[in-house]
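Student: Build me a structure from this.
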Amino acid sequence: MPAGSIDRRIARTRSLLQEALFKLTADKGYAAVTVEDICREADVGRSTFYTHYPDKDCLRKATIDEHLKAMNARADVQNSPSNARGFAFSGPVFRHALAAREMHRSLTAGKKREMPEEIHDWISGRVRRELASFGVEGSALEVTTSFVVGAFTEIMRWWLDEETNLSPADVDQLFQRLAFEGVGNASIILA
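Tutor: Residues are numbered from 1 along each chain as shown. Predicted structure coming up:
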């Protein structure tokens, strides 16, 4: 077996556990899901679970990491031309979120409605890189990144929760317009 590759059985078991976690989280909420629930849903034994993950939080992190890898691949392939006005990351993310609506809802559910740190950091990194490519730098870069990430995550939550008739392209266009009006105004203020 080549270095770094995973045996198919291991990959299949991890995939079953990850799918079970998202299904159960969408149904019950993350806090209510137990390792026993995950094992039952994935049809694996507890010892098999613990062979792969020390706890459900590690499974959650690994699952999010897998989705972020897929998002990176999509975003890299589908990036808009560098001279286009707009954020290239957002369109692929909205399309992915629609395809995995229940998963995204479950990730941001709960009283605090917090986005998982891994996803927040991924979005922040994309936004920061794109803003830097537009010439935003220094404290303006940090403030503007926070603004854009906050706007994006709130628009995403609203869109997924409200089940509007807006397509991913429609909501992306709305986000782009609002974000660039705000970024344009911020650059005037921070200049």
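Student: CA only for contacts and neighbour counts going forward, please
Tutor: OK.
Student: Helix or strand for residue 181, just tell me which one.
Tutor: helix 168-190 (DSSP states H and E).
Student: From residue 49, how far off is the residue most central in space within the chain?
Tutor: The centroid of the chain falls nearest to residue 119 when counting by C-alpha atoms, centre = their mean (4.3 Å). Going from residue 119 to residue 49 by C-alpha to C-alpha, to the nearest Å gives 24 Å.
Student: Then residue 164?
Tutor: From residue 164 to residue 49 the distance is 38 Å (C-alpha to C-alpha).
Student: neighbour-wise, which of those two wins?
Tutor: Shown here are residue 164 and residue 49; by other C-alpha atoms under 10 Å, residue 49 has more neighbours (21 against 10).
Student: Backbone dihedrals for that one, please?
Tutor: Residue 49 adopts backbone torsions of phi -60, psi -50, taken as degrees, to the nearest 10.
Student: hmm, back to that, what's next to the helix or strand harbouring the residue nearest to the centre of the chain, contact-wise?
Tutor: With elements taken from DSSP H and E, the one containing residue 119 is helix 117-133. Contact with helix 117-133 is made by 61, 64-65, 68, 87-89, 137, 141-142, 145-146, 148-149, as judged by C-alpha atoms under 8 Å, 6 or more residues apart in numbering.
Student: What's the mean pLDDT across that helix?
Tutor: In this model, helix 117-133 has an average pLDDT of 88.
Student: Which SSE is immediately downstream of that helix?
Tutor: Following helix 117-133 in sequence, per DSSP H and E, is helix 138-162.
Student: picking up where we left off before, report the buried members of the contacts of helix 117-133.
Tutor: 64, 68, 87-89, 141, 145, 148-149 (16 or more other C-alpha atoms under 10 Å).
Student: Now residue 179: closest residue in space, sequence neighbours ignored.
Tutor: Sequence neighbours aside, residue 148 is the residue nearest to residue 179 in space, at 6.1 Å (criterion: C-alpha to C-alpha, 6 or more residues apart in numbering).
Student: In this structure that neighbour contacts residue 178, no?
Tutor: No - applying C-alpha atoms under 8 Å, one finds residue 148 not in contact with residue 178, separated by 9.3 Å.
Student: the domain parsing of this protein - what is it?
Tutor: 1-53, 61-190 (automatic domain parsing).
Student: which one of the ones you listed has the lowest average pLDDT?
Tutor: domain 61-190 (a mean of 77).
Student: what's the farthest-apart pair in the contacts of helix 117-133?
Tutor: Pairwise distances across the contacts of helix 117-133 peak at 31.1 Å for 61 and 137 (criterion: C-alpha to C-alpha).
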